[in-house]
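Student: Make a model of this:
(one chain, ligands or ions: 1)
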Amino acid sequence: MDIDIGNALDAVAGPGVPRDSLDRLDGRVAEAHERIDRGMADDEFGYAALNLPERVDTAAIRDAVAPLTDAETVLTIGIGGSALGAATLTDALETDGDAYYLDNVDPAQTSALLADLDLESTALNVVSRSGTTAETLANFLVVREVYEDRGVDWTEHTLVTTGESGNLRDLADEHDLPVLPVPDGVPGRFSALSTVGLASAAILGVDVESVVTGARAERESLSGSLYETPAYAYGAITYALNARGASANVVMPYHESLETYAEWYAQLSAESLGKAGLGQTPVRALGATDQHSQLQLYRAGPNDKLVTFVHARDGPDVDIPDAELEGLDYLDGASLGELRDAEFEATEASLADVGLPNVRVEIERVDAAAIGGLLYGMEAATVLAGELYGVETFTQPAVEWGKEVARDLLRGGDPLDETTSLRVTRE
Ligand SMILES: O=P(O)(O)OC[C@H]1O[C@](O)(CO)[C@@H](O)[C@@H]1O
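Tutor: The predicted structure follows:
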């Protein structure tokens, strides 16, 4: 991936980063890289994620999914990092069939999805690192019962991706289900380039080997300077802008196929860096669509954010038929891709024009290697930012409080006294 941070410097942006500050920050990047390098060398918890391009065994993934590759549909049951990496890949890349994800507890969505699925031609990949996540286990039990109600042997269609212990591992052992291991020492949000993110894609014919090759190329770019490492340039500039008031990072890909990538990045950033009162709020947006919904705020609202554009330089295109419509002459002879690119560059300029910091992340085209590089690059960027923030990048303790209370409520616990209520209703 390429990064252009020019529109985040103080020559353009306010808040912007002075070049001499960036040079000084580069000294901290060099120290952070040494820490990251040591963590990778020792396969330390969390840092181990940056070793995945060398560690992931795509042949073993192919072997495990081989019995399922005739499936026309893959239903992945997981949540957070156990779904978003896989969804990023199958939403971005060509697949041999349909990919669906049950990554929420929404009875209407679950019922509607299951009503439409031909379970005989559907492979099930149940993914949970802990094997104890309520949403994932609940959805799995519901789906399993539907298989049984329809007389389809769910055990013939199910792959499990989980850790060495937990309810899901127990269920897999009880029913002798094929199990793929989750990578040791890799938090869920960093596991896209492992069994967790690659298995569902492999079932659907995605070139997972090229995904890993692209990640490996980004891994090889890691160095002691943000000026030589796109991933570190991104991690450093988002950190530096946050320190100067950019409290939100609007991730705005200009490709429908990358919309889920923005969702994946939101978890990666928020769950890794949102600690000790620090962190940058990830906002998901989509170009060109959100020029017609959020751009007004970005250009004329508070300069309290940065916008990260994600753009592929090349890709499929569609010619626009010549228009006889007055005022639309500028479309004559143009294509949808040219219109999109003109709008992307105009939006980038529109924000620079008012000093709203923005960064351009570019890939050559949306293909397996580029997506692998983008995923790896953003993981490395987040690890670097975590070193600069000085936070515990690889844990997520804040998510546990709500889980415990939800469990207590389901067990008939008392209503919460942390919340207050002031209901306003129509008479
Ligand atoms: O893979 P698991 O253990 O089901 O966890 C799913 C998700 O839940 C979290 O642990 C947060 O609750 C995420 O970090 C993780 O990606």
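Student: Every contact and neighbour count from this point should use C-alpha atoms.
Tutor: OK.
Student: Spatially nearest residue to residue 197, not counting backbone neighbours?
Tutor: residue 86 (4.1 Å; CA to CA, 6 or more residues apart in numbering).
Student: same check, this time on residue 14
Tutor: residue 355 (5.1 Å).
Student: Report how many residues lie close to the one you found.
Tutor: 21 (other CA atoms under 10 Å).
Student: so it touches residue 15, yeah?
Tutor: Yes. Using CA atoms under 8 Å, residue 355 is in contact with residue 15, at 7.4 Å.
Student: Report the contact partners of the residue nearest in space to the middle of the chain.
Tutor: Closest to where the C-alpha atoms of the chain average out (CA atoms, centre = their mean) is residue 264, at 1.5 Å. With contacts defined as CA atoms under 8 Å, 6 or more residues apart in numbering, the neighbours of residue 264 are 81, 84, 85, 88, 189.
Student: give me that answer again for 10 Å
Tutor: Counting by CA atoms under 10 Å, 6 or more residues apart in numbering, residue 264 touches 80-81, 83-88, 189-190, 192, 258, 284, 375.
Student: Would you mind checking the average pLDDT for stretch 398-406?
Tutor: Mean per-residue pLDDT for stretch 398-406: 94.
Student: Tell me where the stretch 1-150 of the chain has strands.
Tutor: Applying DSSP state E, counting those that start in this stretch to the stretch 1-150 of the chain gives strands spanning 2-4, 73-77, 98-102, 122-128.
Student: Deepest-packed of those strands, please.
Tutor: strand 122-128 (a mean of 28; mean count of other CA atoms under 10 Å).
Student: mind checking how far it is from the chain centre?
Tutor: Distance of strand 122-128 from its chain centroid, counting by CA atoms, centre = their mean, to the nearest Å, is 19 Å.
Student: Alpha carbons of it, as CSV, please.
Tutor: Provided in CSV are the C-alpha atoms of strand 122-128 (Å, rounded to 0.1, in the frame of the first residue of the first chain):
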residue,chain,number,x,y,z
THR,A,122,-24.3,-24.3,2.7
ALA,A,123,-21.0,-24.7,4.6
LEU,A,124,-20.9,-23.5,8.2
ASN,A,125,-17.7,-22.0,9.7
VAL,A,126,-18.2,-21.3,13.4
VAL,A,127,-15.3,-19.0,14.6
SER,A,128,-14.5,-18.0,18.1
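Student: hang on, the earlier thing: secondary structure element for the residue nearest to the centre of the chain, which one?
Tutor: helix 259-273 (DSSP states H and E).
Student: Just list what whichever helix or strand comes after that helix packs against, helices and strands only.
Tutor: Counting by DSSP H and E, the element after helix 259-273 in chain order, helix or strand, is strand 281-284. Contacts defined by 3 or more CA pairs under 10 Å, 6 or more residues apart in numbering; DSSP states H and E place strand 281-284 against strand 248-253, helix 259-273, strand 305-312.
Student: what's the helix or strand following strand 281-284 packed up against?
Tutor: Using DSSP H and E, the helix or strand that follows strand 281-284 in sequence is helix 295-300. With contacts taken as 3+ CA pairs under 10 Å, 6+ apart, helix 295-300 sits against strand 305-312, helix 336-353.
Student: now the ones you listed as CSV including mean neighbour count, mean pLDDT and distance to residue 235?
Tutor: Putting the helices and strands packed on helix 295-300 into CSV (neighbours: other CA atoms under 10 Å; pLDDT from 0 to 100; distance: least, CA to CA, whole Å) gives the following:
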stretch, mean neighbour count, mean pLDDT, distance to residue 235
strand 305-312, 25, 98, 12
helix 336-353, 16, 98, 20
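Student: so which of those gets nearest the ligand?
Tutor: Nearest to the ligand, of all the helices and strands packed on helix 295-300, is strand 305-312, at 23.1 Å by CA to the nearest ligand atom.
Student: and that closest one, what other elements does it pack with?
Tutor: strand 2-4, helix 230-243, strand 248-253, helix 259-273, strand 281-284, helix 295-300, helix 336-353, strand 358-363.
Student: Of all the ones you listed, which one comes closest to the ligand?
Tutor: helix 259-273 (7.1 Å).
Student: could you give me the average pLDDT of that closest one?
Tutor: Here the average pLDDT along helix 259-273 is 98.
Student: closest to residue 388 out of the helices and strands packed on strand 281-284?
Tutor: helix 259-273 (10.1 Å; CA to CA).
Student: Run the chain-centre distance for the closest one.
Tutor: Using CA atoms, centre = their mean, the offset of helix 259-273 from its chain centre is 5 Å.
Student: How about stretch 120-140?
Tutor: With CA atoms, centre = their mean, you get 19 Å for stretch 120-140.
Student: and that stretch, anywhere near the ligand?
Tutor: Yes. For stretch 120-140, a contact with the ligand is found by CA under 6 Å from any ligand atom, at 128, 129, 130, 131, 133.
Student: Please indicate which of these are buried?
Tutor: 128, 129, 130, 131, 133 (16 or more other CA atoms under 10 Å).
Student: Show me which residues of the stretch 1-150 of the chain sit near the ligand.
Tutor: With CA under 6 Å from any ligand atom as the criterion, the stretch 1-150 of the chain meets the ligand at residues 79, 80, 81, 82, 128, 129, 130, 131, 133.
Student: Walk me through the domains of the protein.
Tutor: 2-38+213-389, 50-206 (automatic domain parsing).
Student: Contacts only, for residue 128.
Tutor: By CA under 10 Å, 6+ apart, the neighbours of residue 128 are 77-83, 136-137, 160-163, 166-169, 182, 188, 196.
Student: Indicate the residue of the stretch 301-427 of the chain located nearest to the ligand.
Tutor: residue 399 (5.5 Å).
Student: For that residue, give me its contacts.
Tutor: Contacts of residue 399 (CA under 10 Å, 6+ apart): residue 271.
Student: Confirm it sits in a strand?
Tutor: No. Remark: residue 399 does not belong to a strand; assigned using DSSP: H, G, I helix; E, B strand; the rest coil, it is helix.
Student: Alright, that wraps it up for me.
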